[in-house]
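Peer 1: need a structure here:
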Amino acid sequence: MGISSNSRQLVKRKAIFLDRDGTVIHHVHLMHKIQDLKFFKDSASVIKSFNQLGFLVIIITNQPVVARGLVTKKEVDEIHAVLVDRLKIKGARIDAVYFCPHHPEANLKRYRLMCACRKPEPGMLLKAISKFNIDPKKSYMIGDSMIDIVAGKKSKLRTIFVGTGPGHALDKKYQKIKVDFKVKNLKSALDFIKQHES
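Peer 2: The predicted structure is shown next:
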């Protein structure tokens, strides 16, 4: 007997939420040019492995370059289209990309606000969890910054800190926040998740 579409919708999915800069690609200060898009060497193979393990893979990123007026939202979408295509060529699938264009001190007034989507707030994560019917208990937030970890915890996700970014973990504001797991890089995060899943 086949599963009805309604039954399928009741089945919760599992997901890997990935920060972008410093996690999937090299951190470049205020990166807003496609030519600055440089992947870590294991990014494609790790994401492909997440796909094979049955995880949705969703990128969650703050992009204050929009608020600063360095680039438009459409141009950020174009950068993400290139990112997704380059990974796809290597057999790695990104299921969705969410980005926040806001900043409380934005140069452009229309983006100058305290929003619910800018990490460490969980808005982007919660939106994806709802849209894709994701079970937070079976899912992970992986990032190189404590704001990723805080957003993940607010979304009831398991959190993994990777040491490939510029060192935001030193932010004193988040000293009391406990990271669930700390690893060297995205490949180490995959190894940990494989072990945990088995």
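
Peer 1: Name the residues that touch the helix or strand containing Val76?
Peer 2: Using DSSP states H and E, Val76 maps to helix 73-89. The set of residues external to helix 73-89 that reach it, using Cβ atoms under 8 Å, 6 or more residues apart in numbering, is 20, 24-25, 32, 34, 37, 39, 43-44, 47, 59, 63, 65-66, 93-94, 97, 99, 101. C-beta coordinates here come from the backbone N, C-alpha and C atoms, glycine included.

Peer 1: Direction included, what does the very next helix or strand once past it pair up with?
Peer 2: Counting by DSSP H and E, the next helix or strand C-terminal to helix 73-89 is strand 96-100. Taking DSSP bridges as the criterion, strand 96-100 forms sheet pairs with strand 56-62 (parallel).

Peer 1: I'd like the next helix or strand past the strand it pairs with.
Peer 2: As assigned by DSSP H and E, the chain's next helix or strand after strand 56-62 is helix 64-67.

Peer 1: which helices and strands sit right next to that following helix?
Peer 2: On a contact count with 3 or more Cβ pairs under 8 Å, 6 or more residues apart in numbering; DSSP states H and E, helix 64-67 meets helix 73-89.

Peer 1: For the helix it packs on, C-alpha coordinates in CSV please.
Peer 2: Only the C-alpha atoms of helix 73-89 are listed here, as CSV (Å, rounded to 0.1, in the frame of the first residue of the first chain):
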residue,chain,number,x,y,z
LYS,A,73,19.5,41.5,-2.7
LYS,A,74,19.3,40.3,-6.3
GLU,A,75,23.1,40.3,-6.5
VAL,A,76,23.3,38.2,-3.4
ASP,A,77,20.9,35.8,-5.0
GLU,A,78,23.1,35.7,-8.0
ILE,A,79,26.1,34.8,-5.9
HIS,A,80,24.2,32.1,-4.2
ALA,A,81,23.0,30.7,-7.6
VAL,A,82,26.7,30.4,-8.6
LEU,A,83,27.5,28.8,-5.2
VAL,A,84,24.7,26.2,-5.6
ASP,A,85,25.7,25.5,-9.2
ARG,A,86,29.4,25.0,-8.4
LEU,A,87,28.4,22.5,-5.7
LYS,A,88,25.9,20.8,-8.0
ILE,A,89,28.6,20.2,-10.6
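
Peer 1: one step back: check which residues of the helix holding Val76 are buried.
Peer 2: Val76, Ile79, His80, Leu83, Val84, Leu87 (16 or more other Cβ atoms under 10 Å).

Peer 1: next one: stretch 187-194
Peer 2: Lys187, Ser188, Ala189, Leu190, Phe192, Ile193.

Peer 1: Show me how far it is from its chain's centre.
Peer 2: Distance of stretch 187-194 from the chain centroid (Cα atoms, centre = their mean, to the nearest Å) equals 16 Å.

Peer 1: Next: stretch 35-55.
Peer 2: Going by Cα atoms, centre = their mean, where stretch 35-55 is centred and where its chain is centred differ by 12 Å.
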